[in-house]
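Student: build me a model from this:
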Amino acid sequence: MAARHIETGKKGELMAAEYLQQQGFMVLHRNWCYYHYEIDIIASKNNVLHFIEVKTRSSHHFGFPEESVSKKKLSNIMKCATQYQYLHPQWKRIQYDILSVNLHVDKAAEFMLIEDVYL
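Tutor: Residues are numbered from 1 along each chain as shown. Next comes the predicted model:
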């Protein structure tokens, strides 16, 4: 049996992909890997390629989901994204985003997309 936080993360990523599609994004890849680096979701919208880190929480005991994205994590995403761009050079406009997913027992999940994040 997987740890609870892993299951929460998987559920959040699935919900995030659905949310992004509802917002007009085309999800191109989920969990795209290069060596030991990973990008949760690669999507496009309005001719921009989005590298999206998804963070999910079912409580605020450890803070808000977006607060757990470190500079090191963003740096790793950028390394992975560089390889993706090398393989897919047609994309001229890119950005890095964080999608925060808050799961609740008694109400619908809340999503917050933080766009164009930099180190």
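Student: residues touching the residue positioned nearest the centre of the chain, list them.
Tutor: Most central in the chain under CA atoms, centre = their mean is Glu53, positioned 2.4 Å from the mean C-alpha point. Neighbour list for Glu53: 39-40, 69, 73-74, 77, 96-99 [criterion: CB atoms under 8 Å, 6 or more residues apart in numbering]. All C-beta spots, glycine's among them, are computed from the backbone N, C-alpha and C.
Student: buried sites along the helix or strand hosting Glu13?
Tutor: Using DSSP states H and E, Glu13 maps to helix 4-22. Neighbour-count burial for helix 4-22 flags 8-9, 12-13, 15-17, 19-20 (criterion: 16 or more other CB atoms under 10 Å).
Student: what distance separates the start and the end of stretch 61-75?
Tutor: Stretch 61-75 has its terminal residues 26 Å apart, counting by CA to CA, to the nearest Å.
Student: ok, back up a step: ok, the residue nearest to the centre of the chain to Gln90 distance?
Tutor: 23 Å (CB to CB, to the nearest Å).
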